[in-house]
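coords please:
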Amino acid sequence: MTGRVLPFRGRPLSSEAGLRAAERVLSTPLDERTAKAKALHLEDPETLLALCGVLRERISASPASVKEEAQFLYRFIESPRREIGLFDERDYFLGETALLAGTACRCLSQREDAWIWFDRAEAGFRHTMNAPAELSRLSYQKLAERLEERQVDLVLELLPSLFESFQKLGMPEDALKCRFLEGLAHFEKDDPLGAIRVFNAVCQQADELGSQTLLADSYVNLIHAHGLLGEAEAAIEASRRAIPILRAVDNRISLAKVHWGLATLLREEGQLREAIDSYRKAQEDFEAIGMRADIAALNLVVADLLLEEGRSVEALREISEALPVIAELKMAPEGMAALSLVRESVRRQEVNRQALRELHGYFQELQN
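Just a heads-up that it's a prediction; the model follows:
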């Protein structure tokens with residue numbers, strides 16, 4: 001089937017030759033690829049298919065590099081107009097690379113960029129032979145972004161229809177991811193018990209489907225939920241199950257969030273210094289993969305714990321580091337009142353702790 005992309009349900013598989021070609025492309029510096037496009041087979045659908053598959057697997061390990069790679073591929077295909085394959089391959093790859101770029105932007109909390117790339121993905125997928133499946137995958141990412149923007153009621157309204165679409169299309173793993181979003185919605189509604197109920201069900205079904213990534217990410221969210229309830233044994237058991245899988249699939253985002261979840265447990269148990277150390281470890285992991293928004297969110301959480309220990313000067317330093325990132329990434333549109341109060345308190349060198357708690361409460365983001 002080399003040289004042609006067939007319509008597929010769910011995600012495509014790549015040939016061994018395509019994977020080898022993809023690795024050659026990725027090992028070539030970005031600024032040299034266009035000149036070497038013919039030698040690298042960059043207009044070959046097999047190569048592009050493999051590249052998309054590799055990048056999809058790497059999002060959880062390095063979203064910043066995936067964003068850069070996906071943007072390059074989109075621009076390469078889009079202009080000057082390149083004829084890819086014999087059928088709808090050009091439109092498919094424009095949609096797929098844009099979806100990859102948008103998903104990476106979502107992981108990096110670059111919300112405006114994410115929506116622009118999602119619009120580009122829709123423009124490409126609309127003309128493909130398998131448009132319902134591709135557009136459904138895009139709809140999932142849009143709902144995940146809407147959840148991060150806390151449009152919880154809208155997400156819960158639209159999820160059943162998307163779930164049904166995936167089921168009709170024969171895409172059970174994608175359908176299960178809708179239940180995953182439902183579990184996250186329970187967090188946004190301050191309902192950790194509801195989250196535990198949903199994620200336990202997702203774990204069982206993910207195990208039956210053999211979806212290791214979805215299984216591990218569900219365990220991570222169980223760590224957070226049990227941590228919020230102070231249920232140490234259950235949280236630690238969830239982390240014990242999650243960590244080996246996350247390491248095996250190199251999911252560095254969720255590995256960082258394991259430390260975040262365990263820190264939440266330590267905080268609930270009153271072990272403040274140990275909690276701070278665990279939050280710091282999560283920040284180090286996030287820094288290694290360029291997730292500045294999560295680092296800033298944890299700066300605020302750490303600041304609150306430092307205030308609890310009477311370390312107000314250190315707390316002010318944490319808040320001062322976080323505020324420029326929050327403003328740059330427009331992280332708290334719905335928390336502007338609290339943000340303004342925190343800014344004012346920093347100016348006065350006396351933290352408004354209630355405003356600080358309201359603000360960092362907006363940033364208890366979990367992996368989608």
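
which residues of the stretch 1-150 of the chain score low on pLDDT?
Residue ranges of the stretch 1-150 of the chain with pLDDT under 70: 1-14.

ranges for the helices of it?
Using DSSP state H, counting those that start in this stretch, the helices of the stretch 1-150 of the chain run over 16-26, 30-33, 37-40, 45-58, 63-78, 89-107, 111-125, 131-148.

for the longest one, packing partners?
So that's helix 89-107. Under the contact criterion of 3 or more C-beta pairs under 8 Å, 6 or more residues apart in numbering; DSSP states H and E, helix 89-107 touches helix 45-58, helix 63-78, helix 111-125, helix 131-148. All C-beta spots, glycine's among them, are computed from the backbone N, C-alpha and C.

Take those helices and lay them out in TSV including mean neighbour count and distance to Ala35.
Shown next, in TSV, are the helices and strands packed on helix 89-107 (neighbours: other C-beta atoms under 10 Å; distance: least, C-beta to C-beta, whole Å):
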stretch	mean neighbour count	distance to Ala35
helix 45-58	22	16
helix 63-78	20	12
helix 111-125	19	25
helix 131-148	20	31
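
Which stretch among the ones you listed approaches Leu94 most closely?
Ranking those by proximity to Leu94 (C-beta to C-beta) places helix 111-125 first, at 3.5 Å.

returning to what we had before: among the helices and strands packed on helix 89-107, which is nearest Ala248?
Ala248 lies closest to helix 45-58 among the helices and strands packed on helix 89-107, at 12.1 Å (C-beta to C-beta).

Pull the closest one out as PDB, backbone CA atoms only.
Written as PDB, here are the backbone C-alpha positions of helix 45-58 (Å, rounded to 0.1, in the frame of the first residue of the first chain):
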ATOM      1  CA  PRO A  45       2.200   9.700   2.200                       C
ATOM      2  CA  GLU A  46       3.900   6.800   3.900                       C
ATOM      3  CA  THR A  47       6.600   9.100   5.300                       C
ATOM      4  CA  LEU A  48       4.000  11.700   6.400                       C
ATOM      5  CA  LEU A  49       1.800   9.000   7.900                       C
ATOM      6  CA  ALA A  50       4.600   7.700  10.000                       C
ATOM      7  CA  LEU A  51       5.700  11.200  11.000                       C
ATOM      8  CA  CYS A  52       2.200  12.000  12.300                       C
ATOM      9  CA  GLY A  53       2.100   8.700  14.200                       C
ATOM     10  CA  VAL A  54       5.500   9.400  15.800                       C
ATOM     11  CA  LEU A  55       4.600  12.900  16.800                       C
ATOM     12  CA  ARG A  56       1.200  11.800  18.200                       C
ATOM     13  CA  GLU A  57       3.100   9.400  20.500                       C
ATOM     14  CA  ARG A  58       5.500  12.100  21.600                       C
END
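
what separates that helix from the chain centre, distance-wise?
Remark: helix 45-58 is offset 18 Å from the chain centroid, using C-alpha atoms, centre = their mean, to the nearest Å.

for stretch 75-88, same thing?
Relative to its parent chain, stretch 75-88 has a centroid offset of 28 Å by C-alpha atoms, centre = their mean.

distance of the residue nearest to Glu68 when sequence neighbours are not counted from Ala70?
Of all residues not flanking Glu68 in the chain, Leu30 sits nearest, at 7.2 Å (C-beta to C-beta, 6 or more residues apart in numbering). Distance, Leu30 to Ala70, using C-beta to C-beta, to the nearest Å: 12 Å.

can you map out the helices along the stretch 151-300 of the chain?
Here the stretch 151-300 of the chain has its helices, by DSSP H, counting those that start in this stretch, at 152-168, 172-188, 192-209, 212-228, 232-248, 252-268, 272-288, 292-308.

which residues does the residue nearest to Gln110 when sequence neighbours are not counted contact?
Take Gln110 and drop its neighbours on the chain: the residue closest to it by C-beta to C-beta, 6+ apart is Leu329, 6.8 Å away. Residues in contact with Leu329 (C-beta atoms under 8 Å, 6 or more residues apart in numbering) are Ser109, Gln110, Arg111, Arg292, Ala293, Ala296.
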